[in-house]
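**Student:** Could you look at this predicted model? Sequence included:
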Amino acid sequence: MIKVENITKSYADVVALTGVSFEIKQGEFYGLLGPNGAGKTTTISILSTILKPDSGSVIIDGFELSKNPEQCKRSIGVVTQEIALYNKLSAYENLLFWGSLYNVPDAGLKKRIEETLQLFGLADRQKDKIETYSGGMKRRINIASALLHRPKVLFMDEPTVGIDPQSRNLIFEVLEKLHTDGMTIIYTTHYMEEAERFCDRIGIIDKGTIIAQGTLAELKSTGGIKESIAVTFTNLNEDLQLKLKEALLGDFHFSKQILTYYSAQIRTDLSKLILRCNELGAEISNIEIQKVNLETVFLALTGKQLRD
Amino acid sequence: MFKIALKDLKLFRADKRAMLLTFLLPIPLITLFSLAFGGMGSSSGSKAMILIAADEDKTPTSKRILQQLDSLKEIDIKLTGLDTAKNWVRKGDEDAVLILHKGLKDSLDAGKEMPIELVYDKAKQVQMGLYMSVLSGNLMRIVGTKSMEKKAMNRFDSQNPGMDSAMKAGVHQMIASNFDGGSGADGKTANSDGGAILKATAMEAQKENAPGLVQAVAGTAVMMLLFSVAGLGASLLQEKEEGTLKKLLFAPLSPQSILFGKMISANLISIVQMVVMFSFSWLVFGLNIKQNIPALILMILATAFACSGFGVFLASFAKSRAQVQGLTTLIVLTMSAIGGSMIPAFVMPLWMQKMAVVSVNYWSIQGFYDIFWRVLPVTDPVFLSRVGVLFLIGLVLNLLAIRMYKKNILNIA
């Protein structure tokens, strides 16, 4: 459905993209993650046709973006991070306007608006002006406005930032439905749990290039990232640290009063580690098992937290 | 494009406060200026005077009078045909024409009333007062004493019909020598009779619409329209700041159609605002807006086009709404001041009148004078030239707006 080949983009003397390539199949839920300034927004802006790449090619729904931008625009829907609605118009008027831009026939559009408002739980507020809505309700309408022309591809740029749990859950339900219905979705977020929950595949972008991509399981195995045991001691001094270093085998490191021990067989190694610590007179105050997740993968690959 | 325009109109309608400000705010101002300018014509002003003259007498005497007037530092005489001169005055191109009617020499010789007439545009009574004050004294000095001398001789002859011709000639010589002594180069002979030498005639085209009212309505309407459209144009920057412009660019529209949509809505709202203002002036102040509806429609369209062009240009030029607000205040007030919205252009110094042509206000106000005061037909070249200038201003501003829109506004990704 989407094929991006080696796109580059520079602003004056700042290089935003150094050669981004990825491919997304129809119906796939693709997460694009990266620290701030990594090139996510530039990539989405190029894919959503408002920015031209310096080089490279993009094909959306079989259409070359540089040659058929209008056709590509008809195939995509874009949910921006900012709530882009007209506050003085009602929800219904907003949806009618945004839908009309895609030449959806009037009768069909009105029916779709009704359905979409029902889907987002706002049918009873449709005549109220947007300025009277809560942040979460506005965000729901913001998403709804991108769906009225039934796009084949939906770009969503952090659609759940700063909203209430009720709206978040409603949006999640809609996302699951859209995914089930076969819509191709490209999703950027800073919430690890959202990416883990929805994304079939994830691309991690940093410094203008995709540094890793694949399923969550594939990413977890990328770079040999292991689960770890974090043991906190009450009496860790230089002498004890030296004894532990001599006694322990494998990959580990100390940080203040904490020993972090990496392991591929966490259950077996845990009991051995406790036993050895006791033998050396180390007093343990806490033990924590740190599993591999997207956050740790992201940290390992980019050196930054997802929310940096 | 039309969808964008329709959306903007809906937004405008939804913002009740903005709508009230657009349509109601000009009304107290029109009222204020109408009351202020309603009795206009009795005030005074000053400026260098170029006076158009038509010599119908075509005698050495009439030529001498015109030469003498031309030699005065206060007046610069420009000679032309009577019809042309009257036409210029009627159309507002010239303030007045001095006509030396046929029979001037004979009247002068016979001591009769001088057939010298100053025909002026009644909308420009201020200048008229200045012309009269300069011309009366000087005409009195140039021709008045001769006329009085003839009157004295005629009176003497009629009272002494039996006197022989030799004696009469002697008396005439005495009378002449008396008047010669009184008509020195210092011009002190000018007296209250001077006014009688010059007959002033207002060229009054339309009696229903007082020029002060036309000035007040047209001047205020254009000024307020410029303020309104600047606000409408700023909505483009609001769209940019609030993210809706970016969202519009995601849709299968050309970026230019977004701007064109703004232009259409700005034009439509401008037209409605003008209609509201003129309707109010008709209902409350009795401005006869029905006397030349085609011309009124054309001038409203031209003014709306030029003003909306200004608004869209400003929005494309500025980089934030705060900039638009600052620039609007500065530019609109300046244009209104030099263009005649605040005070009539003709009472301003000549250099300011020359500058006025760069403002939308000037062309529009003059156009409305053509309609309501000079009563020019819609096909009149002078009126059409003003319409043309306004459309040209609008076109240039819109083209500049398109150019700057690409550079300043679309750079949002």
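**Tutor:** Good, I have the coordinates.
**Student:** which ones are touching B:Gly339?
**Tutor:** B:Val222, B:Ala345, B:Ala356, B:Ser359, B:Val360, B:Asn361, B:Tyr362, B:Ile365 (Cβ atoms under 8 Å, 6 or more residues apart in numbering or on different chains). For glycine as for every other residue, the C-beta is placed from the backbone atoms N, C-alpha and C.
**Student:** Surely the first one and B:Ala306 touch.
**Tutor:** No. At 9.1 Å, B:Val222 and B:Ala306 do not qualify as touching, with contact defined as Cβ atoms under 8 Å.
**Student:** For the host helix or strand of B:Ala221, which helices and strands make contact with it?
**Tutor:** Using DSSP states H and E, B:Ala221 falls within helix B:211-242. Judged by 3 or more Cβ pairs under 8 Å, 6 or more residues apart in numbering or on different chains; DSSP states H and E, the packing partners of helix B:211-242 are helix B:2-14, helix B:16-24, helix B:26-37, helix B:244-250, helix B:255-285, helix B:293-317, helix B:321-339, helix B:360-372.
**Student:** what pLDDT, on average, does the fourth one get?
**Tutor:** Computed over helix B:244-250, the mean pLDDT rounds to 91.
**Student:** Quick one: residues in contact with it.
**Tutor:** Under Cβ under 8 Å, 6+ apart, the answer for helix B:244-250 is A:48-50, A:73, A:76-78, A:80, A:84-86, A:98, A:101, A:145, B:4, B:236, B:239-240, B:255, B:258, B:409-410, B:412-413.
**Student:** Show me how far that helix is from its chain's centre.
**Tutor:** 45 Å (Cα atoms, centre = their mean, to the nearest Å).
**Student:** Now that helix: buried residues?
**Tutor:** B:Thr244, B:Leu245, B:Lys246, B:Lys247, B:Leu248, B:Leu249, B:Phe250 (16 or more other Cβ atoms under 10 Å in any protein chain shown).
**Student:** coming back round to it: turn the helices and strands packed on helix B:211-242 into a markdown table, including distance to A:Gly135.
**Tutor:** Shown next, in a markdown table, are those (distance: least, Cβ to Cβ, whole Å):
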| stretch | distance to A:Gly135 |
| --- | --- |
| helix B:2-14 | 21 |
| helix B:16-24 | 24 |
| helix B:26-37 | 38 |
| helix B:244-250 | 17 |
| helix B:255-285 | 27 |
| helix B:293-317 | 29 |
| helix B:321-339 | 23 |
| helix B:360-372 | 43 |
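**Student:** Does stretch A:58-67 reach chain B?
**Tutor:** No. Stretch A:58-67 is not in contact with chain B by Cβ under 8 Å from any Cβ of the partner chain; minimum separation 12.0 Å.
**Student:** With adjacent residues omitted, what lies nearest to whichever residue of the stretch 101-250 of chain A sits closest to chain B?
**Tutor:** With Cβ to the nearest Cβ as the measure, A:Leu101 is the residue of the stretch 101-250 of chain A nearest to chain B, at 3.9 Å. Nearest non-adjacent residue to A:Leu101, counting by Cβ to Cβ, 6 or more residues apart in numbering or on different chains: B:Ala251, 3.9 Å away.
**Student:** Could you do B:Pro60 as well?
**Tutor:** B:Pro60 sits nearest to B:Lys105 (Cβ to Cβ, 6+ apart), 7.8 Å away.
**Student:** tell me the contacts of the one you found?
**Tutor:** By Cβ under 8 Å, 6+ apart, the neighbours of B:Lys105 are B:Asp57, B:Thr59, B:Pro60, B:Thr61, B:Ser62.
**Student:** now, the most widely separated pair of these?
**Tutor:** B:Asp57 and B:Pro60 (9.7 Å; Cβ to Cβ).
**Student:** quick one: pLDDT of the closest residue to B:Gln238 other than its chain neighbours?
**Tutor:** Take B:Gln238 and drop its neighbours on the chain: the residue closest to it by Cβ to Cβ, 6+ apart is B:Arg321, 6.2 Å away. Per-residue confidence (pLDDT) for B:Arg321: 79.
**Student:** Can you mark which positions in the helix holding B:Ala221 are buried?
**Tutor:** B:211-240, B:242.
**Student:** Might you enumerate the residues of the stretch 101-250 of chain A proximal to chain B?
**Tutor:** Contact residues, the stretch 101-250 of chain A versus chain B (Cβ under 8 Å from any Cβ): A:Leu101, A:Tyr102, A:Asn103, A:Lys129, A:Ser145.
**Student:** quick one: which two of those residues are the most distant?
**Tutor:** A:Asn103 and A:Lys129 (26.0 Å).
**Student:** So for those two, which residue has more residues nearby?
**Tutor:** Neighbours per residue, other Cβ atoms under 10 Å in any protein chain shown: of A:Asn103 and A:Lys129, the larger number sits with A:Lys129, 16 against 12.
**Student:** Run through the residues that contact the more buried one.
**Tutor:** For A:Lys129, counting by Cβ under 8 Å, 6+ apart, the contacting residues are A:Asn87, A:Lys88, A:Leu89, A:Ser90, B:Ala14.
**Student:** what do you get if the cut-off is 6 Å, keeping everything else the same?
**Tutor:** Shown in contact with A:Lys129 (Cβ atoms under 6 Å, 6 or more residues apart in numbering or on different chains): A:Ser90.
**Student:** can you give me the helices for the stretch 1-150 of chain A?
**Tutor:** A:40-47, A:69-75, A:91-100, A:106-119, A:135-144 (DSSP state H, counting those that start in this stretch).
**Student:** And the strands in the stretch 101-250 of chain A, which stretches?
**Tutor:** A:153-157, A:184-188, A:201-206, A:209-214, A:227-233 (DSSP state E, counting those that start in this stretch).
**Student:** can you put those strands in CSV and add mean pLDDT and mean neighbour count?
**Tutor:** Putting those into CSV (pLDDT from 0 to 100; neighbours: other Cβ atoms under 10 Å in any protein chain shown) gives the following:
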stretch, mean pLDDT, mean neighbour count
strand A:153-157, 92, 23
strand A:184-188, 93, 24
strand A:201-206, 90, 22
strand A:209-214, 89, 17
strand A:227-233, 89, 19
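**Student:** Neighbours of residue 96, how many?
**Tutor:** Since no chain was named, I'll use chain A. Neighbours around A:Leu96, by other Cβ under 10 Å: 21.
**Student:** Wait, chain B was what I had in mind.
**Tutor:** 27.
**Student:** Look up phi and psi at it.
**Tutor:** When read as degrees, to the nearest 10, the backbone of B:Ala96 gives phi -160, psi 160.
**Student:** Just list whatever residues bridge to the nearest residue to it once chain neighbours are set aside.
**Tutor:** Closest residue to B:Ala96 apart from its sequence neighbours, by Cβ to Cβ, 6+ apart: B:Tyr120 at 3.7 Å. Beta-bridge pairing for B:Tyr120 (DSSP bridges): B:Ala96, B:Ala202.
**Student:** Wait, B:Tyr120 touches B:Met132, no?
**Tutor:** No. Using Cβ atoms under 6 Å as the test, B:Tyr120 is too far from B:Met132 to be in contact (8.9 Å).
**Student:** quick check: angle from the helix or strand of chain A with the lowest mean pLDDT to strand A:227-233?
**Tutor:** Using mean pLDDT, DSSP states H and E, helix A:294-302 stands out as the lowest-scoring helix or strand of chain A, at a mean of 78. Here helix A:294-302 runs at an angle of 100 degrees relative to strand A:227-233 (axes from the mean of the first three to the mean of the last three Cα atoms, to 10 degrees).
**Student:** What does the pLDDT read for the residue located most distally from the centre of chain B?
**Tutor:** Distance from the C-alpha centroid of chain B peaks at B:Asp164, with 60.5 Å (Cα atoms, centre = their mean). Listed pLDDT for B:Asp164 reads 75.
**Student:** quick revisit: number of residues surrounding the residue nearest to B:Gln238?
**Tutor:** 17.
**Student:** Tabulate the strands of the stretch 101-250 of chain A in a markdown table, adding columns for distance to B:Ser336.
**Tutor:** Written out in a markdown table, the entries for these read as follows (distance: least, Cβ to Cβ, whole Å):
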| stretch | distance to B:Ser336 |
| --- | --- |
| strand A:153-157 | 45 |
| strand A:184-188 | 50 |
| strand A:201-206 | 54 |
| strand A:209-214 | 57 |
| strand A:227-233 | 74 |
